[in-house]
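[1] sequence and predicted structure below; questions after.
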Amino acid sequence: MDVEFPILGGEPLPVEFANTLYGIGEQTDYLQSAAWIDQWFTQILGAAPHPAMGPHADEVRLLRDTVHALLSAATQGRTPEPEAVRRLNSYTAAAPTYPSLTWPSGGPAAQWQDTVEGPAAVLGRIAACCIELLTGPHSGDLRRCQGPGCSMFFVKAHPRRRWCHPSCGHRDRQSRYYRRHLTRGATR
Ligand SMILES: [Zn+2]
């Protein structure tokens, strides 16, 4: 059976990855089994060839938890646990990349080359992408959805965006409407 994953589409890979741990309080882990992990990677990477990630569920979930902790700290403006930083770095260190020069007739260009293959390379790239996200020009635009019960991260692409998806904005307005009316009823 196909799982309906919380994929926003168009968000940086580490953001989509962190969003697989869904909800506030009672959380749903969308990477809870090897089968779901394989489905998620297939949906997110599309036709791009990639190794089966399901057999490496523990490493996948550990990196996901780490990215989630780091994005949470960033959106809350606090310093994360040093252990989370150390763990993220262990994933990039396990899959170092190096620039290689190509010089076709159009002029010189750099291409990043992997030094390892397989799952370590996939996870290393997500970890490197997370570092770029946290330190890059859009680091200040990282947000958490304000929809009721929603916890999704997103990168605020335009100034008025407050929700991960329009449906969360709809639910938020609705719950505020009910709250207003209930409060009014209570004080009557
Ligand atoms: Zn939301």
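    That came through, no problem. Residues are numbered from 1 along each chain as shown.

[2] from the ion, how far out is C150?
    Using Cβ to the ion, to the nearest Å, one gets 3 Å for the distance from C150 to the ion. All C-beta atoms are positioned from the backbone trio N, CA, C, and that covers glycine.

[3] now do the SS call for that residue.
    State at C150, reduced to three classes by DSSP: H, G, I helix; E, B strand; the rest coil: coil.

[4] what residues are up against it?
    Applying Cβ atoms under 8 Å, 6 or more residues apart in numbering, we find C150 in contact with 23-24, 163-164, 168, 171.

[5] for the host helix or strand of N89, buried residues please.
    N89 belongs to helix 82-93 when elements are defined using DSSP states H and E. By 16 or more other Cβ atoms under 10 Å, the buried positions in helix 82-93 come out as 84-85, 87-88, 91-92.

[6] neighbouring strands of whichever helix or strand comes after it in the sheet, and parallel or not?
    As assigned by DSSP H and E, the chain's next helix or strand after helix 82-93 is strand 97-102. Strand partners for strand 97-102, identified by DSSP bridges, are recorded as strand 109-114 (antiparallel).

[7] the strand it pairs with: how far from the chain's middle?
    Relative to the centre of its chain, strand 109-114 is centred 24 Å away, using Cα atoms, centre = their mean, to the nearest Å.
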